[in-house]
Structures are given as C-alpha cells and as structure tokens.
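In: Coordinates for the following, if possible.
(one chain, ligands or ions: 2)
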Amino acid sequence: MADAGANAENGALARGALSRADLIRDKAYIDGKWLEADGGASIDVDDPFTGEIIGRAPSVSEDQAKAAISSAEKAFPGWAKELTRHRGAILRRWFELVMDHQEDLARLITLENGKPLKEARAEVAYGAGFIEFYADEAGRIFGETIPSPVEGRRLLLEPEPIGVCAAITPWNFPLAMLTRKAAPALAAGCTMVAKPASQTPLSAYALAVLAEEAGLPPGVLNVVTGKAGMIGGLLTASSAVRKISFTGSTEIGAKLMEASAPSIKRLSLELGGNAPLLIFDDADLETAVETALVAKFRNSGQSCIAANRIYAQKGIYEKFLAAFAARVDGLVLGDGFDEKSDIGPLIDEPGVAKVREHLDEAVEGGAKVLAGAGASDGRLMPPTLLRDVAPDALLTREETFGPLAGVIPFETAEDGVRLANDTPFGLAAYLCSEDPATIARVGRAIESGMVGINTGLISTAVVPFGGVKMSGLGREGSSHGLMEYLNLKYLCHAGL
Ligand SMILES: NC(=O)C1=CN([C@@H]2O[C@H](COP(=O)(O)OP(=O)(O)OC[C@H]3O[C@@H](n4cnc5c(N)ncnc54)[C@H](OP(=O)(O)O)[C@@H]3O)[C@@H](O)[C@H]2O)C=CC1
Ligand SMILES: O=C(O)CCCC(=O)O
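Out: Ligands and ions are numbered 1, 2, ... in the order given. As a prediction, this is how the structure comes out:
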C-alpha cells in the first residue's frame, strides 16, 4: 500500500479535500432532483493511491433508471424548441463554472482516478473546451436549400435533434469523456441520461451540480450510477432512447451495438485502440522522444490513444532508445496529489496485473529492460521501457493500458506501415519524420482515424475524434461531432 501520509498537504487544502465540498455528491441526479438510491444501495469509490474509500455513489434501482429515461423524454420537446442562443448561453455559463472550479474538479479527478494533478487540470480544461466549443456551435445549426431539378419545388433540409441520448463513459477521463458527449447533445437540442463508470462517478456528478447552477432545466441532463448491465439494458431496450454514445472496451461496445439493433438506435462507439508510433531515420531525435513520452505515458498509459507499439527504424533505433531511456528513467512515480508526480497509480489491481503480464511475456520472448520494471507498490507501476520486443509480443496485440513502452526495430517505410496496420484496431497512430514525402505517404497509408505527426498530443475539442476498423463508429468533437446528434429532415415543398 502506498503511503498517503507523505503527501498530507497540498497548498491550503488537505490531500483530497475540495474548497467546495458540495461538489461531491452521493445522490443520483434525475429530473433536476438529487435522489438517494432506492433502499440506500451504493457503490464504493476508492482512491487508487491509498486504496481508501473516498466516496459513495448511489446504485440506482430499475425504477430510478427508468425514471431518468422518462425525465429526459419529458424534457425533450421543450429543450428541442428552445432558442439556440438560449441553449448556447446556458452551455457558456456551464463552461465558465467548470473553469471557475478547475482546481476543485482537478482534485476530484485525481482523487477518484489517481492521475497527477497537472494532468487532471489539463483534463478539466480539455473537457471544458467541448462545452465552450458547442456553446458557440449551438447557434450555427443551419439548414440548407437545394436547387430543385424540376420547376415549382423548394427542397429544404432542416436539422432536428434526434431525441433522448444516453452517454456511457469510462474511468480514464471521467470529466472530459462526459462533456465530449453531453455538450454536443445539449447544443443540438437533445436530452441525455449519463451513466459514468462505477470507479469514477464523482466527477460526473460534480459536472451535473455545475450544469444545474448554469441553469440547465430539469430532465435535460440526468446522471445515474449503479449496475452497468441493468442500466445499459434499460437504455438499449428503451424505444425513447434514440442514440447511445459509448466510450470503453470493444467488448462492451459490441454488446451495446447488438442490444441496440432491435430499436435501430444511432451509435457512437469509441472503443479500444492499439496505436502505433513509427519513428523514421530522418526524425528529429528530441521530437521523437517527446512524442513517445507523451503518446505513451499520458495518463500513465491508460488511454485508448496511447502509443501501444513503438517502432523505430534501424538507423535511429539505438540513438532513440538511449535518449528515450534517459527520459523514462526521469519520470517521477507517485501520488497524484504530489505536484512532482508524472505517473500516478493505475486505476485498479487488474490494471496492474495486465501490465505485468505484458511485461513478463515480452521479457520471456527476448525483450530487454532499459528502464523501470521494478516491483509495483500498491497500484503504482514503475514506468518501464523494453527494447528488442518481438513483433508479435502480447503488448503489440492487446491494449496494455499502462506505463509500459516496448520498442521494435523496422527496416523500410513499407515494413513500418505493414507493422502499424497489422491490427484489427485503428483509432490513433503517430509518426515522426522530417521528410514531407514520408509524412504525406505514411500519414495516408496508416489505417487509423487520427494521426499525430511529430506530436503525441492530438486531442482538442475542435477536431473530430474517432476511429476506423474495430475502434468504433462516429466522431466526437468539432462540427462533425454535432451532426451525430442531429437528423437531417428533407422537406419537399411542391406547388410553388
Ligand atoms: N476506449 C477507451 O477509452 C477505454 C478503453 N478501455 C479498455 O477496456 C478495458 C476494460 O476497462 P473497463 O473499465 O472494464 O471498460 P468497460 O467497457 O467495461 O467500461 C466502460 C463503461 O461501460 C460500462 N459498462 C460495463 N458493462 C456494461 C454493460 N453491460 N452495459 C452498459 N454499460 C456497461 C462501465 O460501467 P461500470 O464502470 O459500472 O462497469 C463503464 O461506464 C481497459 O483495460 C481498456 O483496455 C477502458 C476504458 C476506456
Ligand atoms: O478514450 C480515451 O481513452 C480517452 C481519450 C483521451 C483523449 O481524448 O485524448
């Protein structure tokens, strides 16, 4: 067990305390009311660093989950008809409140997720960015007039909100994954039932507190927690729910898709990734190392866009390994509340066990440890770098979701692209090169929804985030993300 006492204070606040304690809720948010779960059932939320229980989320009953859907259904007609500038103004106020409470929200993220405070602050800004972007975008939902091929007709397209939407979100970015779904949905005029991950529900409830303060009418956003199968089952079975937006494992995404088939729901699925990073001989060494550090170790590797496989071309392989090893060695592992920490604890013990399994299997297959690999302490897993990893090692085939980097050499650009595409997934990919022709050719040849070129940090609210192949469907963020919550109605007006 890691020692929490060593980091008892952070500024004026005790470790884990918030300046606004009422942001932490233990009740569900349904129809604008904060409700205890029927029978008082709850889920324990722990601090991944200490393992201590730091809060409880309600485990709602079936009736309560149904009430959340009904309340979103009841609120929909009014919200859909609201002037877009009013919807935008409420979103803007919500954005401002989130940023006013950036420090508290960051502390809450660190408390329930474990990530270092500096990353939690960045997540709040990133998550708030979706609310800000869609606050403006609400007023830009335009229709179209199409020139008619025959006389006497006007052909009109009117975007309409698609109805009640559900958001099912993961624990790795507990705030940003919800705003990335809720902000475009609410801007479009949809209402929502959100089900955050059981391991990190507190950030979602804190967002709901601020949405309520921003003036969001009752029922427009509902947040429930509890048995995922039960809530997911009700959301998928309900004919009132017209869309499900999910971020999480491919396995659960596939289940949701199957369960949504009978009622033909729209789906946005942001699922597993297995991102490659290709470093070419002509790459700038410093840029390549920085790219690898961010792409691999952001959020301690617990991201679906984390570089899961790092391929370095033969000519730069040794130089890259030496420079990368020095930086990995310098990463500080520790309590997220310690401002010096670069890598926090992993979310849970199975998460640590998975990284260990990938590490052990790679070493048995001939990989050599260049940095890290020491014993874990509680859920703290040392950032680790391996060289000479076999191209078919487990860590190249499954998402490691942890701070383990394995580097594999490759010969030609064609070999690199073949290795990069040798996966059923295609969310993000990265490449480092100074040659415009290589960048253009490889950037196009890589099968993925997103490509970072000479950078490991590609996420922002203004671009469409999403994958190809088994990494999912749909896009989140940008004006494209708004279209996921709109139907285009075609009106054919004859007799003119
Ligand atoms: N694409 C991504 O961003 C993410 C990918 N992953 C990958 O998935 C692996 C497993 O992580 P895990 O947290 O278990 O991911 P899951 O896919 O199980 O969880 C993601 C969300 O789905 C919910 N959920 C789980 N089962 C159901 C269900 N039957 N119906 C509806 N909702 C459901 C979870 O709720 P609850 O928490 O209550 O179970 C959570 O809110 C990770 O190791 C990683 O490889 C994980 C997180 C994010
Ligand atoms: O799905 C995830 O793992 C979160 C992606 C993080 C990001 O948006 O940058």
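In: And the residue of the chain closest to ligand 1?
Out: Of all residues in the chain, the one sitting closest to ligand 1 is Gly232 (2.3 Å; C-beta to the nearest ligand atom). Placement of C-beta: from N, CA and C, glycine included.
In: Which secondary structure element is home to that residue?
Out: Assigned by DSSP states H and E, Gly232 belongs to helix 228-237.
In: and that helix, what other elements does it pack with?
Out: In terms of contact count using 3 or more C-beta pairs under 8 Å, 6 or more residues apart in numbering; DSSP states H and E, helix 228-237 is assigned the packing partners helix 62-81, strand 164-168, strand 191-195, strand 241-247, helix 250-260.
In: outside of the third one, which residues touch it?
Out: Read that as strand 191-195. 65, 68-69, 72-73, 75-76, 79, 163-169, 178, 181-182, 185-186, 204, 208, 219-225, 228, 231-232, 235, 241 (C-beta atoms under 8 Å, 6 or more residues apart in numbering).
In: next one: the fourth one
Out: For strand 241-247, contacts defined as C-beta under 8 Å, 6+ apart pick out 69, 162-170, 177, 180-181, 185, 190, 193, 235-236, 252-253, 256, 260, 263, 265-271, 304, 474, 476, 484-485.
In: quick one: the most centrally placed residue in the chain and ligand 2, what's the gap?
Out: Residue closest to the mean C-alpha point of the chain, counted by C-alpha atoms, centre = their mean, is Met177 at 4.3 Å. With the distance defined as C-beta to the nearest ligand atom, to the nearest Å, Met177 ends up 6 Å from ligand 2.
In: who's in contact with that residue?
Out: Met177 sits in contact with 127, 169-170, 247, where contact means C-beta under 8 Å, 6+ apart.
In: What of Gln302?
Out: Contacts of Gln302 were listed using C-beta under 8 Å, 6+ apart, and they are 172, 346-347, 351, 401-402.
In: hang on, the earlier thing: the residue of the chain closest to ligand 1 reaches Ala259, doesn't it?
Out: Yes. Taking C-beta atoms under 8 Å as the definition, Gly232 is a contact partner of Ala259 at 7.3 Å.
In: Those two: which is more packed in?
Out: When Gly232 is set against Ala259 and neighbours are counted by other C-beta atoms under 10 Å, the residue ahead is Gly232, at 21 against 16.
In: List the residues that contact the more buried one.
Out: Applying C-beta under 8 Å, 6+ apart as the definition, the contact partners of Gly232 turn out to be 168, 195, 252, 255-256, 259.
In: quick one: Glu158 and Leu486 touch, right?
Out: No. Counting by C-beta under 8 Å, no contact exists between Glu158 and Leu486, whose distance comes to 9.6 Å.
In: The two: which is more packed in?
Out: Set side by side, Glu158 and Leu486 show more neighbours around Leu486, with 19 against 14, by other C-beta under 10 Å.
In: So for the more buried one, what's the nearest residue that isn't a sequence neighbour?
Out: Pro159 (4.3 Å; C-beta to C-beta, 6 or more residues apart in numbering).
In: beta partners for the one you found?
Out: The residues listed as beta-bridge partners of Pro159 by DSSP bridges are Leu488.
In: Use 26 as the first number from now on
Out: Yep, numbering from 26; the last one is Pro184 now.
In: count of neighbours near it?
Out: By the measure other C-beta under 10 Å, the count of residues near Pro184 is 18.
In: Let's see the pLDDT reported for it.
Out: Residue-level confidence at Pro184 comes out at 97, pLDDT.
In: Give me the distance between it and Glu107.
Out: Relative to Glu107, Pro184 is positioned 15 Å away (criterion: C-beta to C-beta, to the nearest Å).
In: and what of Gln127?
Out: Shown here: Gln127 relative to Glu107, a distance of 28 Å by C-beta to C-beta.
In: From Gly326, how far off is Lys140?
Out: Lys140 sits 11 Å away from Gly326, taking C-beta to C-beta as the criterion.
In: now Met475
Out: For Met475, the distance to Gly326 (C-beta to C-beta) stands at 18 Å.
In: before we move on, back to that, ok, and of the contacts of Gly257, which contact ligand 1?
Out: The overlap between these and the neighbours of ligand 1 (C-beta under 6 Å from any ligand atom) comes to 193, 220, 277, 280-281.
In: Redo those residues as a markdown table? Include pLDDT.
Out: Conversion of the ones next to ligand 1 among the contacts of Gly257 to a markdown table gives the following (pLDDT from 0 to 100):
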| residue | pLDDT |
| --- | --- |
| Ile193 | 98 |
| Lys220 | 98 |
| Ile277 | 98 |
| Lys280 | 98 |
| Leu281 | 98 |
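In: Distance to ligand 2 and neighbour count for these - can I get that in CSV?
Out: Putting these into CSV (distance: C-beta to the nearest ligand atom, whole Å; neighbours: other C-beta atoms under 10 Å) gives the following:
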residue, distance to ligand 2, neighbour count
Ile193, 12, 26
Lys220, 16, 27
Ile277, 13, 18
Lys280, 18, 16
Leu281, 15, 22
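In: With respect to Pro407, which of the residues you listed is nearest?
Out: For these, the minimum distance to Pro407 (C-beta to C-beta) is 29.6 Å, reached by Ile277.
In: For the stretch 376-521 of the chain, which residues are neighbours of ligand 1?
Out: The stretch 376-521 of the chain has residues 424, 426 near ligand 1, with proximity defined as C-beta under 6 Å from any ligand atom.
In: What ranges does the stretch 226-375 of the chain have for its helices?
Out: Remark: helices of the stretch 226-375 of the chain, listed N- to C-terminal, are 227-238, 253-262, 275-285, 310-322, 339-354, 374-389; assignment by DSSP state H, counting those that start in this stretch.
In: Regarding Val467, what is its secondary structure?
Out: Classification of Val467 by DSSP: H, G, I helix; E, B strand; the rest coil places it in helix.
In: Not counting its neighbours along the chain, what's nearest it?
Out: Val467 sits nearest to Leu456 (C-beta to C-beta, 6+ apart), 5.4 Å away.
In: residues making contact with the helix or strand harbouring that neighbour?
Out: When secondary structure is defined using DSSP H and E, the element that contains Leu456 is strand 453-457. When contacts are taken as C-beta under 8 Å, 6+ apart, the neighbours of strand 453-457 outside the stretch itself are 298, 300-305, 308-309, 312-313, 316, 320, 329-330, 332, 445, 463-464, 467-468, 471, 473-481, 483, 492.
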